[in-house]
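Fold the following, please.
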Amino acid sequence: QVQLVESGGGVVQVGGSLRLSCAASGSISEFSVMGWYRQTPGKQRELVASSTSAGDTAYADFAKGRFTISRDNDKHTVYLQMNCPKPEDTAVYYCNAGPPYFPGKYWGQGTQVTVSS
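Coordinates of the predicted model:
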């Protein structure tokens, strides 16, 4: 059983920075793909960024140039560095992990990020 524990959410000002962390525990083969999604009320959950254990990354257009995903494979932890956040980045951010054939298999409990102006 894989567990994902997120941390680092909170209130950040426009132009500031925030780093989210997600620590995975369980079978290593179950979280070769790790990433971050976000969701606001009334909207579908959307991809922010993803990362594979091989180092490949992918970003949503809104995240390119501002957010950076990274991971420490030894610690089974994935990070999301959020720079220059905007009010529209306010959302609940969810950590996601899974094997290559099912990247969306596991979810964290979510962490609230609020960007204040």
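
Centroid-nearest residue for this structure?
The chain has Trp36 as the residue nearest its centroid, 2.4 Å off, counting by C-alpha atoms, centre = their mean.

got a list of contacts for the helix or strand harbouring that residue?
Using DSSP states H and E, Trp36 falls within strand 33-39. Strand 33-39 is contacted by residues 20, 22, 24, 45-53, 58, 69, 71, 78, 80, 89, 91-100, 103, 110, 113 when judged by C-beta atoms under 8 Å, 6 or more residues apart in numbering. Where you see a C-beta, it was placed from the backbone N, CA and C, and this is true even at glycine.

Which positions within that strand qualify as buried?
33-38 (16 or more other C-beta atoms under 10 Å).

Can you tell me the strand partners of it and which way each runs?
strand 46-52 (antiparallel), strand 91-98 (antiparallel) (DSSP bridges).

out of these, nearest to Val12?
strand 91-98 (11.8 Å; C-beta to C-beta).

Now do the next helix-or-strand element following the closest one: which elements does it pack against?
Downstream of strand 91-98, the first helix or strand assigned by DSSP H and E is strand 106-107. The contact analysis (3 or more C-beta pairs under 8 Å, 6 or more residues apart in numbering; DSSP states H and E) places strand 106-107 against strand 3-7, strand 91-98.

right, and these - which one's nearest Ala63?
The nearest among the helices and strands packed on strand 106-107, by C-beta to C-beta, is strand 91-98 at 11.3 Å.

Please consider this matter closed, and thank you.
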